[in-house]
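A.B. asks: My questions concern the predicted model and sequence given below.
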Amino acid sequence: MSLLENRNMLAGGSDAGGGLGSDAKTQDMLARLESLDQEGAKATTPEAQAANVAEKCNVLEKIAESVKTPEDRAQWLRNLAESLGAAVQLGTYPGRADRLKALYERLDKEPGGKEMAAYVKFAS
């Protein structure tokens, strides 16, 4: 699922009442993701790229923790894992494989988190 599809899911949820809805907090997070996407395309220095990825991942993590359903949370965590994995592999977030590892370890310890932890491991 693309980031745009995730954003649409966040605004409306995977089912009735499933997403965050259209409150101000949701709109702020969505607007920030949009802004980070645009800024990331313009980031030319390694430092700017790393800062952009770090903030994007922070926003994705906040969204994942804010959604109402386990399915929505899993989708946003997948997006986070993919963003982190790609950034580490491309070198735009150097030395941050530890963030992926911490996400994996946290999910692996959560009840019912083994499947999501395996996805994070695969994304890294």
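C.D. replies: Structure received. Remember, it's a predicted structure, so these values are computed and weren't measured experimentally. Residues are numbered from 1 along each chain as shown.
A.B. asks: Could you pull out the buried residues of the helix or strand containing residue 31?
C.D. replies: Assessed by DSSP states H and E, residue 31 sits inside helix 24-42. By 16 or more other Cβ atoms under 10 Å, the buried positions in helix 24-42 come out as 26, 29-30, 32-33, 36, 40. C-betas here are computed from N, CA, C, even on glycine.
A.B. asks: go on, stretch 72-86?
C.D. replies: 72-85.
A.B. asks: Kindly indicate which of these lies nearest residue 99.
C.D. replies: If you rank these by distance to residue 99 using Cβ to Cβ, residue 84 comes first, at 5.9 Å.
A.B. asks: need the contact list for the closest residue to the closest one other than its chain neighbours.
C.D. replies: Of all residues beyond its chain neighbours, the one nearest residue 84 is residue 100 (4.9 Å), with distances taken as Cβ to Cβ, 6 or more residues apart in numbering. Contacts for residue 100 were tallied using Cβ atoms under 8 Å, 6 or more residues apart in numbering; they are 81, 84-85, 88, 120, 123-124.
A.B. asks: what distance separates the host helix or strand of residue 100 from the centre of its chain?
C.D. replies: Per DSSP H and E, residue 100 falls inside helix 97-109. The chain centroid and the centroid of helix 97-109 are separated by 13 Å, computed with Cα atoms, centre = their mean, to the nearest Å.
A.B. asks: can you check stretch 38-53 too?
C.D. replies: 16 Å.
A.B. asks: can you tell me the average pLDDT over it?
C.D. replies: Per-region confidence: stretch 38-53 scores 91 on mean pLDDT.
A.B. asks: centroid residue for this protein?
C.D. replies: The residue lying closest to the centre of the chain (Cα atoms, centre = their mean) is residue 80, at 2.7 Å.
A.B. asks: secondary structure class for that one?
C.D. replies: Following DSSP: H, G, I helix; E, B strand; the rest coil, we place residue 80 in the helix state.
A.B. asks: check which helix or strand covers the nearest residue to residue 99 once chain neighbours are set aside.
C.D. replies: Excluding the flanking residues, the one nearest residue 99 by Cβ to Cβ, 6+ apart is residue 84, at 5.9 Å. Here residue 84 sits within helix 70-90, counting by DSSP H and E.
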